[in-house]
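J.: sequence first, then the predicted structure, then my questions.
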Amino acid sequence: MTAAEFRQKLALGTAQFGLAYGINNTQGRPNDDAVAAVLAEAQAAGLTLLDTAAAYGDSEARLGQWLSQHPEAPFEVVTKVAAAAPAVVRAAVQASLGRLQLTRVYGVLFHDFNALQQQLPAWQGLQASRAAGLTTRIGISLYHPWQAQWLLDRRGWDVDLLQVPYNVLDQRFEAVLPALAERGVEVHVRSAFLQGLLLRPLDTLPTYFEPLRPRLTRLRALAAAAGMPLEAALLLFAATAPGVARVVIGVDTVANLRANVAAEHYLPAFTALRPALAELAETTEELILPYRWPPRG
């Protein structure tokens, strides 16, 4: 992978534009100037995809305002809507386009696999949106590998985009990635930093995560021995996984984004590091799935 290819794999997640997002977030939502600065930096760095959702507060509207003022920006957008009756889904896609001030997006995902299972006709709403040219790809945001297999086994669903969690601790989807690629499903991975937990200083680690301390200590030691920033090691682990098309990164500041992009400088050294990082996989879902974590105090 070249540095340019690495940048093309990065997608800017924008949940933090509309919500106080992430376990390490102490600043809340960034102001309009900060959002504009991050988007301008992403454009300058060569990123080409933004990830958002109707449920991310006013993230879509804030993106729409900036995009309308920068029509030259090369960004494609993936957004997410709730599963509902087909006509409601189609209306939700149109509403997202209105907030984004766009006539089409690259992808639309359902937020919740369980909700989709309870209302299977909702899929027809995404299919109709794609057929109408409102989106190029359609799919679902997943939490569990069995959900991907369930989708692969459904006839006539033609899923062509999935978003899944993947990081040095949570490698559960690795086994199904080749099958997804073979079916032409584009996979975007999130949680390369596990909502910031993997970057958190160990002296501030919440008691709940104490079982992870040995792995987190080993992770830091491996990155340090390789002469590599922790952020770079974590991002490259996700970006170099076979079958991964994009890695969604969430940043709060221009400095965060620049640090993420700088991971490209460590590509030559990373190949030797990857096998050791792969040994850090954790299978306890209470520790690696944020929706299973206790509420923040």
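T.: Happy to help now that I have it. These numbers come from a predicted model, not from an experiment.

J.: the residue lying closest to residue 138 once chain neighbours are set aside - how many residues pack around it?
T.: Distances taken as C-beta to C-beta, 6 or more residues apart in numbering place residue 126 nearest to residue 138, at 4.1 Å, with adjacent residues excluded. The C-beta positions use only the backbone N, C-alpha and C, and glycine is treated the same way. The number of residues packed near residue 126 is 31, by other C-beta atoms under 10 Å.

J.: just to check, residue 126 is in contact with residue 108?
T.: Yes: using C-beta atoms under 8 Å, residue 126 is in contact with residue 108, at 6.0 Å.

J.: could you pull out the helices for the stretch 51-200 of the chain?
T.: Taking DSSP state H, counting those that start in this stretch to define them, one finds helices in the stretch 51-200 of the chain at 59-69, 86-100, 113-118, 122-131, 145-153, 177-182.

J.: these: lowest mean pLDDT?
T.: When these are ranked by mean pLDDT, helix 177-182 comes last with a mean of 90.

J.: how far is that helix from where the chain is centred?
T.: Chain-centre distance of helix 177-182: 18 Å, with C-alpha atoms, centre = their mean, to the nearest Å.

J.: residue 226 contacts residue 271, doesn't it?
T.: No: Residue 226 is beyond contact range of residue 271, at 10.6 Å (criterion: C-beta under 8 Å).

J.: so for those two, which sits in the more crowded spot?
T.: Neighbour totals were compared for residue 226 and residue 271, and residue 226 leads with 17 against 11 (other C-beta under 10 Å).

J.: element containing the nearest residue to the more buried one once chain neighbours are set aside, please.
T.: With sequence-adjacent residues excluded and distances taken as C-beta to C-beta, 6+ apart, residue 226 is closest to residue 273, at 4.8 Å. Using DSSP states H and E, residue 273 falls within helix 267-278.

J.: quick one: list the elements packing against that helix.
T.: Contact here means 3 or more C-beta pairs under 8 Å, 6 or more residues apart in numbering; DSSP states H and E; on that basis helix 267-278 packs against helix 213-225, helix 230-239.

J.: burial count for residue 242?
T.: Neighbours of residue 242 (other C-beta under 10 Å): 8.

J.: low-confidence ranges, the protein, go.
T.: Applying pLDDT under 70 to the chain flags residues 20-28, 297.

J.: how does it look with 50?
T.: 22-26 (pLDDT under 50).

J.: which residues are contacting stretch 132-144?
T.: Residues outside stretch 132-144 that contact it (C-beta atoms under 8 Å, 6 or more residues apart in numbering) are 78, 80, 90, 93-94, 97, 103-113, 116, 126-127, 129-130, 147-148, 151, 159-165, 172-173, 185-186, 289, 291.

J.: now, of those residues, which are buried?
T.: Neighbour-count burial (16 or more other C-beta atoms under 10 Å) applied to these gives 78, 80, 90, 93, 97, 104-113, 116, 126-127, 129-130, 147-148, 151, 159-165, 172-173, 185-186, 289.

J.: buried residues, stretch 177-195. List them.
T.: Neighbour-count burial for stretch 177-195 flags 177, 180, 185-195 (criterion: 16+ other C-beta under 10 Å).

J.: so how far is it from its chain's centroid?
T.: For stretch 177-195, the distance to the chain centre is 10 Å (C-alpha atoms, centre = their mean).

J.: what's the span of it from first residue to last?
T.: 22 Å (C-alpha to C-alpha, to the nearest Å).

J.: returning to what we had before: out of the helices of the stretch 51-200 of the chain, flag the one nearest residue 33.
T.: In terms of C-beta to C-beta, the element of these nearest to residue 33 is helix 59-69, at 11.1 Å.

J.: got phi/psi on the closest residue to residue 122 other than its chain neighbours?
T.: Closest residue to residue 122 apart from its sequence neighbours, by C-beta to C-beta, 6+ apart: residue 83 at 4.0 Å. Backbone torsions for residue 83, taken as degrees, to the nearest 10, come to phi -70, psi 140.

J.: please report how far residue 83 lies from residue 62.
T.: 25 Å (C-beta to C-beta, to the nearest Å).

J.: before we move on, back to that, as CSV, the helices and strands packed on helix 267-278 with mean neighbour count and distance to residue 265 would be great.
T.: Supplementary listing: the helices and strands packed on helix 267-278 in CSV, determined by neighbours: other C-beta atoms under 10 Å; distance: least, C-beta to C-beta, whole Å:
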stretch, mean neighbour count, distance to residue 265
helix 213-225, 15, 14
helix 230-239, 24, 8
